[in-house]
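Colleague: Let me see the structure of the following:
(chains A and B)
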Amino acid sequence: MSSPLVDVLRSSPVFASFTPADCDFLAQAMTVKSYAAGHALVRQGDRGDTFYVILDGEVRVTRDGPDGRRVEVETLRRGEVFGLLSLIDHGPRAATCTAAGPVTVASLPAVAFTLLYKGNAALGFRFRFMIARQLARDARALNQLLAAALQGGPDTSATQTLTLSPDYHLTTGG
Amino acid sequence: MRVMSVSVDDLGGRFPRLKQRLGPEAFAAFASALERRRVSGGEVILRWGQPNDTMHVVEDGVLEVSLGDGAARRVLAEARAGEAVGEVGMLEPGPASATVTARGDATLLGMSHAAFERFGAEKPDAAGAVLHALAMDLVERLRASGAGLGGSVTHAARLEEQARSNTVGWLGRLAKLAIGWEAGS
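Modeller: Presented below is the predicted three-dimensional model:
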């Protein structure tokens, strides 16, 4: 089976642990749709219930801080994902994701995810392992930053920025 | 250190909350995949910065979660029966974020990354349920910390300032991040 969606799933590092059959199975459960520039796919604070994979175009991730200032978090491209957390937790979205230009995305509602892993336990395991590993990387980044802050290390200050992406995907760096 | 397999019957009574969360079948499958290990007082289970790929659930005894060495050593939290350390390393092997030491003799139930992958291949439903429980817990901790960070992009310098001005609160938060998969039975 080949389609633009299957090609993206099979080549994306996010789905590296998935078998080709997993990618085909997942593709069948997803809906592909295109949006115009400026369309907000995800709004910060809304309850999330859908997971997205970008097939074409760019998605801007921004976050409104408590002081009302809007901060650019990152730009996501083909093969990258957002809304992963909504598959396991329907809490508020941590950021806003807007089409930077015309974009095509594949979406998977949480309900379809549940049906997916009930019908294919092996895929469900790999999918949930992928989500948990992403969360573990985030937790480690946060733990390390907190540990460094508590120990007052000289390298921790100013030079490092802690970024929380739509899925609390934390990255440390300049 | 001695290694023994785990009797499921022993465990159901020790971890009722975990059993309830996973359901009896997933719990039994998970319990039978754990490896029991006795450690002596003072033994280091995890060392800050050193590679870790194993989760340890405390069956008996007390573990201390700490940062720093010698005079700078600071105990952040204790892990007691039913609580776990190292779950981040089991999911994604990498450097430990704190040092964990047995306060006295203790019994631990361990699961390595490789063992978890085997468990997942054999019992994908049960392993999926365990992953779901772990993921929910990580999300809670990340959300809690996100609130503490102002839910926003934050400079480490500000973090450090907050840590200094509210040491107790931040120690507690770090402790929660470092341990606390399953809060006691």
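
Colleague: so where's chain A uncertain?
Modeller: Residue ranges of chain A with pLDDT under 70: A:1, A:149-174.

Colleague: Strands of that one, start to end?
Modeller: Using DSSP state E, the strands of chain A run over residues A:31-35, A:40-42, A:50-56, A:59-64, A:70-76, A:81-82, A:96-99, A:103-109, A:161-164, A:170-173.

Colleague: Tell me which of the ones you listed is the most buried.
Modeller: Among the strands of chain A, strand A:81-82 has the highest mean neighbour count (mean count of other Cβ atoms under 10 Å in any protein chain shown), at a mean of 24. C-beta: built from backbone N, CA, C; applies to glycine.

Colleague: among the helices and strands of chain B, which has the poorest mean pLDDT?
Modeller: strand B:154-155 (a mean of 34; mean pLDDT, DSSP states H and E).

Colleague: hmm, back to that, output the strands of chain A in a markdown table, with distance to A:Leu123 appended to each entry.
Modeller: Shown next, in a markdown table, are these (distance: least, Cβ to Cβ, whole Å):
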| stretch | distance to A:Leu123 |
| --- | --- |
| strand A:31-35 | 18 |
| strand A:40-42 | 24 |
| strand A:50-56 | 14 |
| strand A:59-64 | 25 |
| strand A:70-76 | 24 |
| strand A:81-82 | 16 |
| strand A:96-99 | 25 |
| strand A:103-109 | 12 |
| strand A:161-164 | 28 |
| strand A:170-173 | 27 |
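
Colleague: Using TSV, please lay out those together with distance to chain B.
Modeller: As requested, the strands of chain A are exported to TSV (distance: least, Cβ to the nearest Cβ, whole Å):
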stretch	distance to chain B
strand A:31-35	24
strand A:40-42	15
strand A:50-56	13
strand A:59-64	6
strand A:70-76	5
strand A:81-82	15
strand A:96-99	13
strand A:103-109	16
strand A:161-164	5
strand A:170-173	8
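
Colleague: Would you state the strands of chain B in chain order?
Modeller: Per DSSP E, chain B carries strands over the ranges B:2-5, B:35-39, B:44-46, B:51-52, B:54-60, B:63-67, B:74-79, B:84-85, B:94-95, B:99-102, B:106-112, B:154-155.
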